[in-house]
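J.: have a look at this prediction, sequence included:
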Amino acid sequence: MKLVIKKTITTLNQKKQQGFSLVETIVTIFVFSLAIVALTNLILSNYRVYSYNFQDAQAIEEGRRAVEVMMREIREAKYGDDGSYPLALAGDYTFIFFSDIDGDGVTERVRYFLDGTVLKEGVIKPTGDPPQYILANEIVTNIFNYVRNGDTIPIFVYYNGDWPADTVNNPLPTLTRLSDTKLMHVHLVINVDPNRSPQNFHLESDTQIRNLKTNL
């Protein structure tokens, strides 16, 4: 009996000394590789989610700053230096008005318009005596990307001085916008990539046009 036990122990020790077999080594490497691939995919997935969220947050903040500038410039709309009425064009996706946007005492012609998914601003300074706004002198800059309003959600909405009590005539129809507008509503739909989550973010703001107010 002692001899058999001793022989068994000797056999086990020999197997331990021999180490892993070739099959065991391959299986171990395979399992380890799967673990590395899974861990890598998890890290990349988390990184992509973080990157997407960061891009969306950054786009929303940029959109908020752009709307703040727009509201400030629209609020101060006034007669042009050539005598033009403060509002020149009141469309769903294009708005043209006059305002001293840089505080230099000269009233600029300002055009906000959507070009694809980019919101742009065109500015014309008056020249000559008497002053004139020459269209060829317009300087256009991109003020915000990732606009997803499409054809169903207007960027610019117009209201008269009786809003919000008057819900019959507001928002204003196209024909009365230039003459009756007293308050502006801006609505931007923001999304860096519509093909992935999160969904659209709606950024909205209102402002009264000071020089057109009738409830002073």
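T.: Received it, and whenever you're ready, just let me know what you need.
J.: what's near enough to touch the closest residue to I209 other than its chain neighbours?
T.: Among residues not flanking I209 along the chain, A77 sits closest, at 5.0 Å (CB to CB, 6 or more residues apart in numbering). The way it works is simple: take the backbone N, C-alpha and C, and place the C-beta from them, glycine included. In this structure, A77 makes contact with P86, L87, F97, F98, S99, I209, R210, N211, L212, judged by CB atoms under 8 Å, 6 or more residues apart in numbering.
J.: I'd like to know how far A77 sits from L172.
T.: With the distance defined as CB to CB, to the nearest Å, A77 ends up 16 Å from L172.
J.: also D92?
T.: 12 Å.
J.: related to what we said a few turns ago, going by distance to N191, which of the contacts of A77 wins?
T.: For N191, the nearest member of the contacts of A77 is F97. The distance, counting by CB to CB, is 27.5 Å.
J.: any idea which element the closest one lies in?
T.: Element membership for F97, per DSSP states H and E: strand 94-99.
J.: what lines up beside that strand in the sheet?
T.: Partners of strand 94-99 in the sheet, by DSSP bridges, are strand 87-90 (antiparallel), strand 108-115 (antiparallel).
J.: residues in contact with that strand?
T.: Strand 94-99 is contacted from outside by 73-74, 76-81, 84, 86-89, 107-114, 155-156, 184, using CB under 8 Å, 6+ apart.
J.: filter these down to the buried ones and hand me the PyMOL line.
T.: To isolate the buried subset of the contacts of strand 94-99 in PyMOL, counting by 16 or more other CB atoms under 10 Å, use the following:
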select buried, resi 73+74+76+77+78+80+81+84+86+87+88+107+108+109+110+111+112+113+114+155+156+184
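J.: got any ranges where this protein has weak pLDDT?
T.: For the chain, applying pLDDT under 70 flags the ranges 1-20, 24, 27, 30-32, 35, 37-54, 197-198, 215-216.
J.: quick one: the helices in it, in order.
T.: With DSSP state H as the criterion, the chain has helices at 2-18, 22-75, 177-180.
J.: how distant is the shortest one from the center of its chain?
T.: The offset between the C-alpha centroid of helix 177-180 and the centroid of the whole chain comes to 29 Å, using CA atoms, centre = their mean, to the nearest Å.
J.: tell me which residues of that helix come out buried.
T.: When burial is assessed from 16+ other CB under 10 Å, helix 177-180 yields the following buried residues: R177, D180.
J.: can you offset everything so residue one is 829?
T.: All set: I'll call the first residue 829, so the last point we hit is now helix 1005-1008.
J.: can you tell me what sits against that helix?
T.: So helix 1005-1008 is in contact with Y913, L915, A916, L917, A918, Y986, N988, G989, N997, L1000, going by CB under 8 Å, 6+ apart.
J.: repeat that for 7 Å
T.: Residues lying outside helix 1005-1008 but in contact with it, judged by CB atoms under 7 Å, 6 or more residues apart in numbering, are L915, A918, Y986, N988, L1000.
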